[in-house]
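K.L.:
Kindly return the folded structure for what I paste below:
(one chain, ligands or ions: 2)
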Amino acid sequence: MTRPAGFPNFIDGRWVESARRFENRNPADNSLIGMVSEASRADVDAAVRAARAALDGPWGKMSIAKRAELMHAVADGIMARFDEFVAAEVADTGKPYAMASHLDVPRGAANFKMFADVVKNVATESFEMVAPDGGDALNYAVRVPKGVIGVICPWNLPLLLMTWKVGPALACGNTVVVKPSEETPATAALLAEVMNEVGVPPGVYNVVQGHGQDSAGAFLTAHPDVDAYTFTGETGTGEAIMAAAARGIRPVSMELGGKNPGIVFADCDFDAAVAGILRSAFFNSGQVCLGTERVYVQRPIFERFVAALKAGAEAMRPGDPNDKDTNFGPLVSQEHRGKVLGYYRRAAEEGATVVTGGGVPDMPAALANGAWVQPTIWTGLPESSALIREEIFGPCCHVAPFDTEEQAVALANDTRYGLAATVWTKDVGTAHRMGKRLKVGICWINSWFLRDLRTAFGGARQSGIGREGGVHSLEFYTELRNVCIKL
Ligand SMILES: NC(=O)c1ccc[n+]([C@@H]2O[C@H](COP(=O)([O-])OP(=O)(O)OC[C@H]3O[C@@H](n4cnc5c(N)ncnc54)[C@H](O)[C@@H]3O)[C@@H](O)[C@H]2O)c1
Ligand SMILES: O=C/C=C/C=C(\O)C(=O)O
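P.N.:
Ligands and ions are numbered 1, 2, ... in the order given. This is a model prediction of the structure:
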């Protein structure tokens with residue numbers, strides 16, 4: 001069944017267009033990509049009903065082995081249409097081809113393969129016991145799917161982050177209703193085509209397009225027949241979703257915002273640390289939740305490090321995202337550009353030293369209407385500044401000196417968030433002490449965004465609830481049932 005033009009909803013294996021539509025624009029040049037169908041409350045209800053019905057159909061009766069086979073087929077289907085997925089993601093987000101082709105799309109496939117293998121190989125517990133009457137009894141646990149999962153996704157890594165949830169959810173036998181970000185509808189729709197192509201039963205994977213509040217997102221979280229929600233996005237949005245999920249006591253898995261520290265000790269491998277902090281601050285134009293927006297450098301190398309960071313930032317070339325050599329793209333939208341430029345202005349008003357950037361790059365005419373900002377580095381602000389307290393989610397970071405390890409830990413932990421940290425040192429004792437003392441979900445030492453999908457991924461404090469990855473995802477996407485048999 002051919003998908004209609006634009007970005008329709010996908011419900012019960014069929015394309016569903018809405019009367020209400022909104023524009024999807026390419027952030028690199030603000031050109032119109034297509035119109036997006038905004039799902040109505042009735043569309044969301046139809047999607048939830050289809051997901052529920054699928055649980056009682058072939059999908060609900062399918063063996064783990066067959067489900068895992070299908071998950072591998074989905075992964076292969078993504079890779080078979082690799083160029084289409086890359087092109088769709090680049091157009092939606094403006095991210096460079098090199099990133100979408102090396103990270104986003106390969107991870108989209110890997111997220112299905114990973115959990116297809118996890119569900120086949122994870123054992124559950126059993127206990128023999130003596131009953132009070134002296135007889136024997138046997139307890140054993142079985143993992144059963146939670147049911148219909150609401151999946152609400154952000155715009156920065158659309159396919160990667162959506163499949164990071166849909167992969168385990170389906171592998172565990174659930175069905176999903178996916179609400180992609182209004183900024184990036186494309187790859188969720190493309191994945192629906194793959195689902196049909198490989199024979200995933202109708203109703204297992206549903207997509208409702210639209211906005212958050214007063215739109216598809218809120219209709220989904222208000223729907224009483226959704227069993228659980230997995231969300232990635234801003235902390236404030238997480239609060240709203242959690243409040244909606246509380247009605248009916250639905251569990252949530254939350255990957256939220258961050259204000260991640262980068263700590264550079266004087267004994268580090270200097271060139272590796274410069275490259276690592278440049279990557280953690282400017283990758284995906286700073287639109288990565290794990291990104292570094294606060295850098296703390298030990299005083300003996302502070303000046304040299306700032307100079308090296310400046311040189312690295314100024315070597316970045318904003319350009320056509322489809323150009324394979326481009327390493328720096330636009331922000332995701334004019335709206336987000338306005339938010340980031342607001343912080344750039346605020347930094348200047350607060351008297352920051354602008355080491356580099358702080359404005360808008362000169363772009364060729366073809367890209368002049370894009371959501372471009374300069375990679376920016378500041379020093380000289382107090383820790384109380386909004387630039388240090390609030391997540392900006394752009395290509396910018398503030399660099400401050402520290403003297404002792406104690407100071408570095410105190411500075412890094414002084415935030416309401418707790419998502420990630422990156423630490424650069426050659427001293428093995430320092431490395432392990434940082435891993436022990438930094439209040440984050442993920443602490444990278446001499447690395448950043450190095451991902452083993454078996455590990456626990458998630459944030460502490462206001463950066464999230466729960467952990468996903470490897471067996472940890474099963475804790476959220478299944479219920480453990482204990483069966484006790486009197487022998
Ligand atoms: N921790 C992580 O793994 C992680 C990963 C990526 C992004 N993020 C965070 O996401 C943010 C950027 O992404 P974003 O701007 O798309 O986030 P966002 O919170 O604005 O939106 C995320 C999704 O939630 C939906 N939404 C918004 N309000 C809603 C509501 N009231 N009810 C239901 N759905 C609603 C949106 O339509 C979108 O699909 C940043 O804060 C970033 O740190 C976190
Ligand atoms: O912007 C946030 C990135 C999140 C990355 C992951 O969830 C992952 O690598 O699985």
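
K.L.:
Residue 73 contacts residue 170, doesn't it?
P.N.:
No: Residue 73 is beyond contact range of residue 170, at 11.5 Å (criterion: CB atoms under 8 Å). For the C-beta atoms, the positions are set from N, CA and C on the backbone; glycine is no exception.

K.L.:
of those two, who's got more company?
P.N.:
residue 170 (28 against 19; other CB atoms under 10 Å).

K.L.:
Could you look up the SS state of that one?
P.N.:
helix (DSSP: H, G, I helix; E, B strand; the rest coil).

K.L.:
how close does residue 404 get to residue 255?
P.N.:
33 Å (CB to CB, to the nearest Å).

K.L.:
and residue 220, what is it in contact with?
P.N.:
44, 48, 150, 152, 177, 179, 208, 226, 229 (CB atoms under 8 Å, 6 or more residues apart in numbering).

K.L.:
Apart from its chain neighbours, what residue comes closest to it?
P.N.:
Spatial nearest neighbour of residue 220, excluding adjacent residues (CB to CB, 6 or more residues apart in numbering): residue 150 at 4.9 Å.

K.L.:
show me the contacts for the one you found.
P.N.:
Residue 150 touches 176-177, 179, 220-221, 223, 226, 228-230, counting by CB under 8 Å, 6+ apart.

K.L.:
From those residues, pick the one nearest ligand 2.
P.N.:
Of all the contacts of residue 150, ligand 2 sits closest to residue 230, with 11.1 Å by CB to the nearest ligand atom.

K.L.:
Next, give phi and psi for the closest one.
P.N.:
Residue 230 adopts backbone torsions of phi -120, psi 130, taken as degrees, to the nearest 10.

K.L.:
So it is in contact with residue 250, correct?
P.N.:
No: using CB under 8 Å, residue 230 is not in contact with residue 250; the gap is 10.7 Å.

K.L.:
Of these two, give the one with the bigger neighbour count.
P.N.:
Neighbour comparison, residue 230 and residue 250: the larger count goes to residue 230, with 27 against 22 (by other CB under 10 Å).

K.L.:
which ones are touching residue 46?
P.N.:
So residue 46 contacts 11-12, 16 (CB under 8 Å, 6+ apart).

K.L.:
Mind checking which of those residues are in helices?
P.N.:
The helices, defined by DSSP state H, take in nothing from the contacts of residue 46.

K.L.:
which residues are contacting stretch 403-413?
P.N.:
Counting by CB under 8 Å, 6+ apart, 261, 263, 265, 294, 296, 298-299, 383, 400, 402, 421, 430, 433-434, 437-439 sit against stretch 403-413.

K.L.:
Next, the contact list for the residue of the stretch 151-300 of the chain found nearest ligand 2, please.
P.N.:
For the stretch 151-300 of the chain, the residue closest to ligand 2 is residue 289, as judged by CB to the nearest ligand atom, at 3.5 Å. Neighbour list for residue 289: 154, 156, 232, 255-258, 393, 419-420, 463 [criterion: CB under 8 Å, 6+ apart].

K.L.:
which parts of the helix or strand containing residue 218 are buried?
P.N.:
Here residue 218 sits within helix 216-222, counting by DSSP states H and E. Residues 216-221 are the ones in helix 216-222 that count as buried (16 or more other CB atoms under 10 Å).

K.L.:
Turn those residues into CSV, including pLDDT and distance to residue 354.
P.N.:
Putting these into CSV (pLDDT from 0 to 100; distance: CB to CB, whole Å) gives the following:
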residue, pLDDT, distance to residue 354
216, 98, 40
217, 98, 37
218, 98, 39
219, 98, 44
220, 98, 42
221, 98, 41
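
K.L.:
can you narrow these to ones near ligand 1?
P.N.:
Residues shared between those and the neighbourhood of ligand 1 are 217-218, 221 [CB under 6 Å from any ligand atom].

K.L.:
just those residues now: which is nearest ligand 1?
P.N.:
Looking across those and measuring by CB to the nearest ligand atom, the closest to ligand 1 is residue 217, at 2.5 Å.

K.L.:
In contact with the residue in the stretch 351-487 of the chain that ligand 2 sits nearest to, which residues are there?
P.N.:
For the stretch 351-487 of the chain, the residue closest to ligand 2 is residue 451, as judged by CB to the nearest ligand atom, at 4.7 Å. When contacts are counted by CB under 8 Å, 6+ apart, residue 451 is found next to residue 457.

K.L.:
And it, its phi and psi?
P.N.:
Per degrees, to the nearest 10, the backbone of residue 451 is at phi -120, psi 120.

K.L.:
pLDDT wise, what is it at?
P.N.:
Looking at residue 451, its pLDDT reads 98.

K.L.:
One more: residue 87?
P.N.:
At residue 87, pLDDT is 98.

K.L.:
State the helix or strand in which it lies.
P.N.:
With DSSP H and E as the test, residue 87 turns up in helix 82-93.

K.L.:
quick one: that helix near ligand 1?
P.N.:
No: judged by CB under 6 Å from any ligand atom, helix 82-93 makes no contact with ligand 1; its nearest approach is 11.0 Å.

K.L.:
what comes up buried for that helix?
P.N.:
84-93.

K.L.:
Same list, those residues, but as CSV with distance to ligand 2 please.
P.N.:
Shown next, in CSV, are these (distance: CB to the nearest ligand atom, whole Å):
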residue, distance to ligand 2
84, 22
85, 17
86, 18
87, 21
88, 19
89, 14
90, 17
91, 19
92, 15
93, 12
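
K.L.:
Show me the shaky parts of the stretch 1-150 of the chain.
P.N.:
For the stretch 1-150 of the chain, no stretch has pLDDT under 70.

K.L.:
hmm, 90 instead?
P.N.:
1-3 (pLDDT under 90).

K.L.:
beta partners for the residue of it found nearest ligand 1?
P.N.:
Residue nearest to ligand 1 within the stretch 1-150 of the chain: residue 150 (8.8 Å; CB to the nearest ligand atom). Judged by DSSP bridges, the bridge partners of residue 150 are residue 177, residue 229.

K.L.:
filter the contacts of stretch 403-413 to the buried ones?
P.N.:
Using 16+ other CB under 10 Å, the buried ones in these are 261, 263, 265, 294, 296, 298, 400, 402, 421, 430, 434, 438-439.

K.L.:
So which of these sit within helices?
P.N.:
Checked against DSSP H, those include these in helices: 430, 434.

K.L.:
farthest-separated two in the buried ones among the contacts of stretch 403-413?
P.N.:
298 and 439 (20.4 Å; CB to CB).

K.L.:
where do the helices sit along the stretch 201-350 of the chain?
P.N.:
For the stretch 201-350 of the chain, applying DSSP state H, counting those that start in this stretch gives helices covering 216-222, 235-246, 270-282, 302-314, 334-349.
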